[in-house]
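Student: got a predicted structure plus its sequence, pasted below:
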Amino acid sequence: MRTKQNPELIEHCGMDLLQAITTRSSIRRYTSEPVDEALLQTILNAGFCAPSADELRPWRFIVVRERATLGTLARGGMWTGMLAGAAVGIVIAGDTRAQRKEPLMIEDCSVAAQNMLLAAHGLGLGAVWCGFTHPSPMADTCRQALGLPGHVQPVAVLSIGHPAQQAYQRPRYDAAKVHHERWGGQAP
Ligand SMILES: Cc1cc2nc3c(=O)[nH]c(=O)nc-3n(C[C@H](O)[C@H](O)[C@H](O)COP(=O)(O)O)c2cc1C
């Protein structure tokens, strides 16, 4: 039974893990179809499954479905316009009381974000990561629009919806960026 503490999670998405990693692409156009609650909670759970420094899990997730708030977030940054057409936005913020070392807090939030992007893709949704620095106009917009307390620092917003565009990932392996044993070392 689904409860607030124990959401009914989707356990299989039918997409192989490596296939998800190698086919995920940023999706910035969405249909008007809403994102089902079970899909959303499965994506959130993927975030909660991420590793974190000292296992502090400083991430906090603010789920935004209201059109007016999505519009405000869309206007908050230079490259965030797609949020106006998203079914849902997930603002990923770090609790600076939980992880006081800011670089680690941002890394923790970032791995949660990547887990969620992959989960969204595996579930057939489209998503894109909107990142910003702190301070920045987008960080201020998140803080004001969502009423974030001072110790909670916004790190990124995920824009999610049912895809209205197709995107393909080209092969990306780049041997020139791989070094063996030492900087400049060649493959055996
Ligand atoms: C830290 C970070 C910040 C990003 N910020 C934005 C953004 O503000 N707006 C946007 O449209 N895409 C943003 N992206 C998505 C990148 O543009 C995208 O990942 C990149 O072009 C590669 O394309 P792909 O996601 O399809 O592989 C961001 C990605 C990362 C990792």
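Tutor: That came through, no problem. Because the structure is predicted, anything quoted here is derived from the model rather than measured.
Student: C-alpha only now, for contacts and for neighbours.
Tutor: Fine.
Student: measure residue 180 to residue 172 for me?
Tutor: 19 Å (CA to CA, to the nearest Å).
Student: more neighbours: those two, which one.
Tutor: Neighbour count, other CA atoms under 10 Å: between residue 180 and residue 172, residue 180 has more, with 10 against 7.
Student: what's the more buried one sitting at in phi/psi?
Tutor: Residue 180 has phi and psi values of phi -110, psi 120 when expressed as degrees, to the nearest 10.
Student: that one and the ligand, how far apart?
Tutor: Per CA to the nearest ligand atom, to the nearest Å, residue 180 is found 25 Å from the ligand.
Student: over to residue 61?
Tutor: From residue 61 to the ligand the distance is 17 Å (CA to the nearest ligand atom).
Student: quick one: which helix or strand includes that residue?
Tutor: According to DSSP states H and E, residue 61 maps onto strand 59-64.
Student: tell me the strands beside that strand, with direction?
Tutor: Here strand 59-64 has these sheet partners by DSSP bridges: strand 88-95 (antiparallel).
Student: give me the next element, helix or strand, following the partner strand.
Tutor: Beyond strand 88-95 in the direction of the C-terminus, DSSP H and E gives the next helix or strand as helix 102-122.
Student: quick revisit: quickly check: the helix or strand that the strand holding residue 61 is followed by near the ligand or not.
Tutor: Of the helices and strands lying after strand 59-64 in sequence (DSSP H and E), the nearest is helix 67-76. No. Against the ligand, helix 67-76 shows no contacts by CA under 6 Å from any ligand atom, the least distance being 10.0 Å.
Student: any idea how far residue 141 is from residue 120?
Tutor: 25 Å.
Student: counting neighbours, go ahead and name the busier of those two.
Tutor: A side-by-side neighbour count of residue 141 and residue 120, using other CA under 10 Å, places residue 120 first with 26 against 18.
Student: where does the residue nearest the centre of the chain land on pLDDT?
Tutor: For the chain, the residue nearest the mean C-alpha position is residue 113 (3.2 Å; CA atoms, centre = their mean). Listed pLDDT for residue 113 reads 99.
Student: my read: it touches residue 48, true?
Tutor: No. With contacts counted by CA atoms under 8 Å, residue 113 stays clear of residue 48, the gap being 9.7 Å.
Student: residues contacting the strand ranked longest in the chain, please?
Tutor: Of all the segments of type strand in the chain, defined by DSSP state E, the longest one is strand 152-161. Strand 152-161 has contacts (CA atoms under 8 Å, 6 or more residues apart in numbering) with 28-31, 33-35, 82-83, 86-96, 106, 109-110, 113, 117, 120, 125-134, 139, 142-143.
Student: perfect, that will be all.
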